[in-house]
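Chemist: After the sequence you'll find the predicted model.
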Protein chains: 2
Amino acid sequence: MSAGINTYKIDLREIYFTLFEQFGFGQVAGQAPYDAWGSDEARAVLSETYRFAREVLGPLNSVGDREGCRVENGSVLTPTGFKDAWKKLYEQGFKTVSVSPEHGGQGAPMMLQVTVEELLSGSNSAFNMYPGLAFGAAEVIAECGTKEQQHQFVERMLNGTWGGTMCLTEPHAGSDVGAAKSTARRNGDGTYSIKGTKIFISGGDHDMADNVIHLVLARIDGAAPGTKGLSLFIVPKLRINADGSAGKANDVSVGSIEHKMGINGSATCVLNFGESDGCLGELVGTVEHVGMSQMFKMMNGARIAVGIQGVSLAAAAYYNALDYAKDRKQGSHFTKWKDPTAPRAAIIEHPDVRRMLLDMKAHVEGIRALIIKLAHHLDKARQLTGKDDEAATYHKGQVELLTPLVKSYGSDQAYRICSQAIQVYGGAGYIQDYPVEQYTRDSKIFSIYEGTNHIQAMDLVGRKLGQAGGMFFQQFMGDVGSFVEAHRENPVYGDAVKALASAQEALMSSAMMLFGWSQDGGKFPLIPLSANRFLNMMSEVAVGWLLLDAALIADKASAALSADHPDRAFYDGKKFSALFYARNVLPGVEQAARLIALEDTSPVDISDAAFGGV
Amino acid sequence: MSAGINTYKIDLREIYFTLFEQFGFGQVAGQAPYDAWGSDEARAVLSETYRFAREVLGPLNSVGDREGCRVENGSVLTPTGFKDAWKKLYEQGFKTVSVSPEHGGQGAPMMLQVTVEELLSGSNSAFNMYPGLAFGAAEVIAECGTKEQQHQFVERMLNGTWGGTMCLTEPHAGSDVGAAKSTARRNGDGTYSIKGTKIFISGGDHDMADNVIHLVLARIDGAAPGTKGLSLFIVPKLRINADGSAGKANDVSVGSIEHKMGINGSATCVLNFGESDGCLGELVGTVEHVGMSQMFKMMNGARIAVGIQGVSLAAAAYYNALDYAKDRKQGSHFTKWKDPTAPRAAIIEHPDVRRMLLDMKAHVEGIRALIIKLAHHLDKARQLTGKDDEAATYHKGQVELLTPLVKSYGSDQAYRICSQAIQVYGGAGYIQDYPVEQYTRDSKIFSIYEGTNHIQAMDLVGRKLGQAGGMFFQQFMGDVGSFVEAHRENPVYGDAVKALASAQEALMSSAMMLFGWSQDGGKFPLIPLSANRFLNMMSEVAVGWLLLDAALIADKASAALSADHPDRAFYDGKKFSALFYARNVLPGVEQAARLIALEDTSPVDISDAAFGGV
């Protein structure tokens, strides 16, 4: 498609189903702090967002990709149209749907925000990173900053007046954040002089806002090594005048921007702080050396956001591929393939194309359900704020547990699904006339940033599984188990539910193996060697469960409709998503458990020299 | 890496092992028609080719990607340096290593040519497509053309004087070649007037040779519909003068070139033939309406070439990732991960990085072995030319059978492995400073062109399995079975060999299911639904077998060396490739058989409407 044409499309009916029918948005909304919200309001926001996504952001997606960003006179210029889109985005308040009114937001449930974000990100992933980073940075200040900092920064960063960034990575400190060398010197007046180079800073500079507020991890002179010695600083691109307006430059300069495989509309910057010793920052809050834990306040949010990016492109790839498959004629129906005079069939008639499409459909719906489920737990936890009871603990625990799944499974599958969309198109998918090759390139980064997917897997098996003495994991398994028990004998889904039960048992057996290895120094390497596999297994159990749950809800809803009701087909689609996943994906969990049980240590047994090379 | 810097690297020792130690190049060479060839000659050619790949083609790989091709005044201009590289390539004779001396070649075994091609393609896939297409077109003329055509075209197309293309695809005739609408009108003087539009023509025009010879599939007025009515024509870009030189233009014009995800150095053209009714062609050979079977003469070669492209980029990705992993320091050794003062470790010390690298290593070596094995069968078949005995039939049959595996498994794994290389690099892999993101983009097309991988899978299950009454498949299974019986009790590899045996049994059970479905109309859709899975299973059995075979050979060779011999580590690497594959990949064959046995028809049961969309 030529740059400037919208190619974004999804099926809002799917989102409505998951939000309203599967996760009972209406039961969460309507209660404090979501009193003002109900399903009608949510529907209105989503249809408005979708219109904005198709009319404003969608047409800029390929523009951003082809034009990319550029640096002129030390400043980043974003692609044509981005500045205007930024203005409209904030005018219409799409980034503050779930922000509390105290910071100028509309106070809606997170369940709504995550679906709004899917639409923004799906129509233009690269663009949506700029406001996304500003949001994350504002969140940290809102949570950890002083009252004054909150007053000065948060609302401006949430309403688009100022941008924001998260400056963690350095040339030799990527996954290993604690190796950061950037320094902060106390100036005695409460300010700090910041010095250092940060790389891979998304939205590190841009021309869409009046100022960019950097959150910078740096080590105060004399602080401990590693992450424990890091502090977090607010470092504006332009210093803030007494009246709150942006003033003179703060010695933050753009060294360069990266040339990447994708998300070209997002400026990935090298930033130099204090090259002329004139970079001033202020500590976030009042306590030094707690930068890492402050940064972690936004980490769950950032990781969920990556999962949303994943499902957003996977969904856009699916609906584009689906439309292409309905439209494109090639070959004859497979029952007549030997007859050259048979009418040419749309490629959706070909079984292998249907297989690819159903595979994409099932994964997209299941991962979206997992994300909305996680948001549901966030909302419940927020509604129970201040209570330290069982329910509050349960919901918070599930957020912790599911976050690495959403981030990793969402991103791995996004790349696979977008790549598969290319395959549905055939040669056409490889050219820039269609959006799927860009989706594929854009989505590859999701498995890397905000903590690589292996880091997520280690977070799951090394931390989350054992949290609260393993209770969160047991609660998750208990939820799946209750579902299995309730539906094991279902006449339509019995076999599928049994496949889920077997997958769950396999997951438990692998969890026990991991536990055993953690008690046995000699087998410790098996933990990182198996972590990705385990995360994948648990994601598949979760997604398989949610797809079956959706199918049962859909069947009930469908039964209440007249035989020719147009929603019948929609509900039928939920059944096939669940059955396909149960028959083609869930058995892989048992298989993965068998592989884990083999305790293969060949990757650590092989010597470096035996890898070969020159 | 800046454009113009070589990043190509592999380990020639690996190729030497597979060629000389595993597949006995020396036993094939030295006998007619390969009398002039021995291992020393092969080694000399390979080291020369590798030098050329690193010094000439490698530095142009990123140049081609960044610059791409452009059309000026109706002609394609290739990226800087390509023209010079083309000249050097042909001066040094790398494209004619296996061509018979009668056409100006060196007459070496195909086993050598496929490894030479790996080096040319791995260092610059996009560049190597131009001579590759010329080679394929020349092959067709050599095999099917008249004596005069052979004399006029073949040598010039093999020595770089002229380029060549294969013009099959049209806007509505991609996988469905038989739907082609291009026409040929008899002019009464033996020439034909060609009219039509061809798309996705690789190297459809370029500035490196004096002329481009197109082979064009078109339908002579009044011929039958479908593939059976197609004829093949030689259509030069510039008409050929009586003295054999290139003359005036032949009404072939470049409509446009595609903007693609990758292989940007390769011009993918829309070609218009006969827009002004002035396009003349001559029939290949003397018989009309046999164009499809003529084209198929080069199809095996083209498909093997795609498998080589696959392994070539996968290998380059592996060795680049390996070097990066040895060099890049990040985090501490996993036994000391909680200690921020521990020395930073090279990332190859991290178990998950080692797991990814060993996975890449095993696949690269196994797929390369499969390709050389196929070439070995080609060579044996050639040596037995004229004989119609069991041995000749056997070798030809294995070529038929293994070609779809090499094409599909080679290409699918290439894309996966290159993507995994990005993951090894982390964020650095996503930027153009390193070659792996380009490899990934370049490799995605391999699963699509020269027949999509699903077409390969249908070729395997619908044609090849049943060829000669199933004999070729039985012979393949027999070869694997003999290996299993010989080594089942091996003290080191016993378990791995048993895993191969189980995989082979599973493959057989799936083959029987496919056979059953082919006899049962109601279950016919299960064949296309399972074809890709079956192709993958058979590829994994083949690769697992060849890796174990290599490991046993390596062990024997290693035992004869002194304990401190530098080759010890190399041979040790073969052991780990085999063990890793046997423990992590081969069990997947049984799993795939279990899934096939489920007979899931959900993709064809779901209605079009239930897929959703708007």
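Modeler: Received, thanks.

Chemist: From now on I want contacts and neighbour counts done on CA atoms only, so please keep to that.
Modeler: Fine.

Chemist: Could you measure from A:M512 over to chain B?
Modeler: Per Cα to the nearest Cα, to the nearest Å, A:M512 is found 20 Å from chain B.

Chemist: other SSEs contacting whichever strand or helix holds that residue?
Modeler: According to DSSP states H and E, A:M512 maps onto helix A:494-518. Other elements packing on helix A:494-518 under the criterion 3 or more Cα pairs under 8 Å, 6 or more residues apart in numbering or on different chains; DSSP states H and E are helix A:467-487, helix A:526-559, helix A:567-584, helix A:587-597.

Chemist: right, and those helices - which one's nearest A:G204?
Modeler: Among the helices and strands packed on helix A:494-518, helix A:526-559 comes nearest to A:G204, with 30.9 Å by Cα to Cα.

Chemist: and the closest one, average pLDDT?
Modeler: For helix A:526-559, the mean per-residue pLDDT is 98.

Chemist: likewise stretch A:595-604?
Modeler: On average, stretch A:595-604 scores 98.

Chemist: how distant is the longest helix along chain A from the center of its chain?
Modeler: When chain A is parsed with DSSP state H, its longest helix is helix A:390-425. A distance of 7 Å separates the centroid of the chain from that of helix A:390-425, by Cα atoms, centre = their mean, to the nearest Å.

Chemist: can it be found next to chain B?
Modeler: Yes: Helix A:390-425 is in contact with chain B by Cα under 8 Å from any Cα of the partner chain, via A:Q423.

Chemist: what's that helix packed up against?
Modeler: helix A:299-327, helix A:351-383, helix A:436-443, helix A:453-459, helix A:467-487, helix A:526-559.

Chemist: coming back round to it: which of the helices and strands packed on helix A:494-518 sits closest to chain B?
Modeler: Smallest distance to chain B across the helices and strands packed on helix A:494-518 (Cα to the nearest Cα): 4.4 Å, for helix A:567-584.

Chemist: picking up where we left off before, how far off helix B:390-425 does the longest helix of chain A point, in degrees?
Modeler: Calculated by axes from the mean of the first three to the mean of the last three Cα atoms, to 10 degrees, helix A:390-425 forms an angle of 130 degrees with helix B:390-425.

Chemist: Which helix or strand lies directly C-terminal to the top strand by length along chain A?
Modeler: Assignment by DSSP state E gives strand A:191-202 as the longest strand of chain A. Counting by DSSP H and E, the next helix or strand C-terminal to strand A:191-202 is strand A:211-220.

Chemist: Helix or strand next in line after that next one, which one?
Modeler: Downstream of strand A:211-220, the next assigned helix or strand under DSSP H and E is strand A:230-236.

Chemist: Show me what that following strand is in contact with.
Modeler: For strand A:230-236, contacts defined as Cα atoms under 8 Å, 6 or more residues apart in numbering or on different chains pick out A:178, A:211-220, A:223-224, A:250, A:279-284, A:288-292, A:294-295.

Chemist: Kindly identify which of those also come near chain B.
Modeler: Contacts with chain B within these, counted by Cα under 8 Å from any Cα: A:G178.

Chemist: Mark which of the contacts of strand A:230-236 are buried, thanks.
Modeler: Neighbour counting by 16 or more other Cα atoms under 10 Å in any protein chain shown classes A:178, A:211-220, A:223, A:250, A:279-284, A:288-292, A:294-295 among those as buried.

Chemist: Please work out how many residues are found near whichever residue of the stretch 201-350 of chain A sits closest to chain B.
Modeler: At 4.2 Å from chain B, A:K260 is the closest residue in the stretch 201-350 of chain A, using Cα to the nearest Cα. By other Cα atoms under 10 Å in any protein chain shown, the residues close to A:K260 number 23.

Chemist: shouldn't it be in contact with B:Y430?
Modeler: Yes: using Cα atoms under 8 Å, A:K260 is in contact with B:Y430, at 5.8 Å.

Chemist: Just want the angle from the helix holding A:M512 to helix A:467-487.
Modeler: 160 degrees.

Chemist: Show me which residues of helix A:494-518 are buried.
Modeler: Applying a neighbour-count criterion of 16+ other Cα under 10 Å, one finds A:495-511, A:513-515, A:517-518 buried in helix A:494-518.
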